[in-house]
Structure formats: C-alpha cells, structure tokens
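**Q** can't give you the sequence, but here's the structure:
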C-alpha cells in the first residue's frame, strides 16, 4: 500500500490568478495603505498586504448592485471625460 507523501513547497492554489499592472495616483495608494493599517489594527496578528486589500476592495466594488436609476448616462459621461 502506497503512502501519500506531502510535497514540499507551497500548495497549489484553487484558482489561477493573473497579474496586472495598474497605475494609481499617490493619494489612492495612501488610502489603500491606510485601509491596510486599519485592518491590521482591527485584527492584530493578521498579515494583510496591499495586494490583499486591493483584491478585497475590487470584490466589494463589483458586488455593488447598480440600479437603473443610478446608472449614469454613458453619452454624458463620454462628453465629460473627453472635454
């Protein structure tokens, strides 16, 4: 009977993660760092990185349900962006 040996190193992740590079203004990076520090204060001993916080914030943002009344007029948004 064969015994299963534990492999050395980090276990495989359940999902594949892609790496993306994003440029952010310094002010937003400071807000993210403040968010990380707040989590660390609320949960001492928890190792939270900037990347962890960004993933969590993106997931929270994607979970927000936008109703039809609050959906912006896309044409108006385009004009504001390009003008």
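**A** Noted; the coordinates are in hand. Worth saying up front: this structure is predicted, and the values here are computed from it rather than measured. Numbers count the residues shown, from 1 in each chain.
**Q** Which parts of the chain are helices?
**A** Listed in chain order, the helices of the chain (DSSP state H) span 26-42, 50-63, 74-82.
**Q** where among those helices is the average confidence lowest?
**A** Ranked on mean pLDDT, the bottom entry among the helices of the chain is helix 74-82, at a mean of 71.
**Q** Identify each buried residue in that helix, please.
**A** Buried positions in helix 74-82, judged by neighbour count with 16 or more other C-beta atoms under 10 Å: none. In short, each C-beta sits where N, CA and C put it, glycine included.
**Q** distance between that helix and the chain's centre?
**A** Taking the mean of its C-alpha atoms, helix 74-82 sits 26 Å from the chain's own mean (C-alpha atoms, centre = their mean, to the nearest Å).
**Q** and it, what does it pack onto?
**A** Using 3 or more C-beta pairs under 8 Å, 6 or more residues apart in numbering; DSSP states H and E as the contact definition, helix 74-82 packs against no other helix or strand.
**Q** what comes into contact with that helix?
**A** Taking C-beta atoms under 8 Å, 6 or more residues apart in numbering as the criterion, no residue outside helix 74-82 touches it.
**Q** And the helices of the chain: which comes nearest residue 8?
**A** The stretch from the helices of the chain with the least distance to residue 8 (C-beta to C-beta) is helix 50-63; that distance is 24.6 Å.
**Q** just checking, what packs against the closest one?
**A** Using 3+ C-beta pairs under 8 Å, 6+ apart, helix 50-63 sits against helix 26-42.
**Q** For the helix it packs on, list every residue counted as buried.
**A** When neighbours are counted by 16+ other C-beta under 10 Å, the buried residues of helix 26-42 are found to be 32, 35, 36.
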